[in-house]
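Asks: Generate coordinates for the sequence data below:
(one chain, ligands or ions: 2)
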Amino acid sequence: MITIKPFEFNYFSENCYLLHDETKEAVLIDCGACRKEEEDELIRYIEENDLTLKRLLCTHLHLDHIFGNDFIYKKYGLKPEAHRTDVEKLPSPAEQARLFGLKTAMQPIKVAHYIVGNEIITFGDSELIALLVPGHSPGSLAFYNKKERFVISGDALFCGSIGRTDLWGGDQDVLIAAINDKLFSLPDETVVYPGHGPTTSIIEEKFNNPYL
Ligand SMILES: [Zn+2]
Ligand SMILES: [Zn+2]
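Replies: Ligands and ions are numbered 1, 2, ... in the order given. From the prediction side, this is the model:
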């Protein structure tokens, strides 16, 4: 049984998710922690639950989802894992910060492993399947757990909306096609944990999402 702990981080109200199972092994998805209080909140949860953080996964490499990569590397020695296309096509974190008019002291941490579509990602006794859902960014991934029927959707699919497509390499037609193909093919009852905003489900979005 996987426990999903959500955190809401940084100026963009980004959802970071910490997943763990009964083995106490954990994966962190999209660590947007950028303030000291946010880092402390995450550390506290990990320590109080006696977890061992095994991997740092990125749905995509927009700044709001990677603010905390530097902190995670320094604290836990883990480097991020992401799709290669985002590494190659997106500006550096410093350049993204500059374009958003933000100041950040974060050091860019090199992606240690390129996740490919349909890759099985394991931790403890659990596994996630990486689904390639480009369009919001060219290398966006979602992480699906078949057994417990949930998907961490990054910024591809939100409750009642979809990701913006005006950033680097974004494409609305590609995004809509990817959602239809990769996410709407999941079982209707699949719970969706998006990169911003509230949790939803595949059936809910099939019927109520005005973009789809
Ligand atoms: Zn994004
Ligand atoms: Zn985002």
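
Asks: Please read off the pLDDT at residue 7 from the model.
Replies: Per-residue confidence (pLDDT) for residue 7: 98.

Asks: Double-check that it belongs to a strand.
Replies: Yes. The assignment for residue 7 (DSSP: H, G, I helix; E, B strand; the rest coil) places it in a strand.

Asks: how about the helices of the protein, start to end?
Replies: 36-48, 69-76, 84-89, 93-99, 172-178, 202-208 (DSSP state H).

Asks: Which among those is found nearest to residue 24?
Replies: helix 36-48 (9.9 Å; Cβ to Cβ). Quick note: C-beta positions are derived from backbone N, CA and C, even for glycine.

Asks: tell me which strands and helices the closest one is in contact with?
Replies: strand 3-9, strand 14-20, helix 69-76 (3 or more Cβ pairs under 8 Å, 6 or more residues apart in numbering; DSSP states H and E).

Asks: Deepest-packed of these, please.
Replies: strand 14-20 (a mean of 24; mean count of other Cβ atoms under 10 Å).

Asks: if I pick residue 129, what's in contact with it?
Replies: 118-121, 143-146 (Cβ atoms under 8 Å, 6 or more residues apart in numbering).

Asks: May I have the beta-bridge partners of it?
Replies: Listed by DSSP bridges, the beta-bridge partners for residue 129 are residue 120, residue 144.

Asks: Going forward, count from 27.
Replies: Got it, first residue is 27 now, which makes that one residue 155.

Asks: Check the residue nearest to the spatial centre of the chain and give its pLDDT.
Replies: Closest residue to the average C-alpha location of the chain: residue 85 at 3.6 Å, with Cα atoms, centre = their mean. pLDDT recorded at residue 85 is 98.

Asks: and what of residue 124?
Replies: pLDDT, residue 124: 89.

Asks: That one: neighbouring residues, count only.
Replies: A count of neighbours around residue 124, defined by other Cβ atoms under 10 Å, yields 13.

Asks: Same question for residue 222.
Replies: So residue 222, with other Cβ under 10 Å, has 17 neighbours.
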